[in-house]
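>>> please find the sequence and the predicted model below.
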Amino acid sequence: MREVDVSRAWLWKLELQRLANRTGSAITVCHFPPGTSKWNKIEHRLFSFIGQNWRGQPLLTHATIVNLISGTSNEKGLKVKYELDTNIYPAKIKVGDEQMSEIRLVAHPFHGEWNYTIEPDK
């Protein structure tokens, strides 16, 4: 079996497959194309306010960052919910051909590399 050093994309899809199998639900993913985060309206509505909220504050601890991000809202009332993930995750996970072949990925007709559905096992 050829081992593929995980590109994050394959590990992401493998974990989505596991979630789809656990829930019995299909999961549809639609990514913005590379270099187009400027189209993401949520980013524009919140990220500038996060920057304003922590401007001039030394970001010395995770708690400081969590508190500053959690205290952010915009003028229309959109609020940020943020929680520090303290889990330890393994590094350099390898996804093999067999695992990749188990991913029930259905590419969408328009840019299937960015837009796809992962079907649960039947």
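That came through fine.
>>> helix, strand, or coil at Thr117?
Secondary structure for Thr117, judged by DSSP: H, G, I helix; E, B strand; the rest coil, is strand.
>>> right, and it touches Cys30 too?
No: judged on C-beta atoms under 8 Å, Thr117 makes no contact with Cys30 at a distance of 9.7 Å. Where C-beta positions appear, they are placed from N, C-alpha and C, glycine not excepted.
>>> low pLDDT regions in the protein?
Across the chain, residues meeting the criterion (pLDDT under 70) sit at 1-8, 35-45.
>>> show me where this structure has strands.
Using DSSP state E, the strands of the chain run over residues 3-5, 27-30, 94-96, 105-107, 115-118.
>>> deepest-packed of these, please.
Mean neighbours per residue, mean count of other C-beta atoms under 10 Å, is largest over the strands of the chain for strand 115-118, with a mean of 18.
>>> so what touches stretch 109-122?
13, 16-17, 20-21, 23-33, 103-108 (C-beta atoms under 8 Å, 6 or more residues apart in numbering).
>>> check the separation of the first and last residues in stretch 99-115.
The first and last residues of stretch 99-115 sit 21 Å apart, counting by C-alpha to C-alpha, to the nearest Å.
>>> give the buried residues for it.
By neighbour count on 16 or more other C-beta atoms under 10 Å, the buried set for stretch 99-115 is 99, 103-104.
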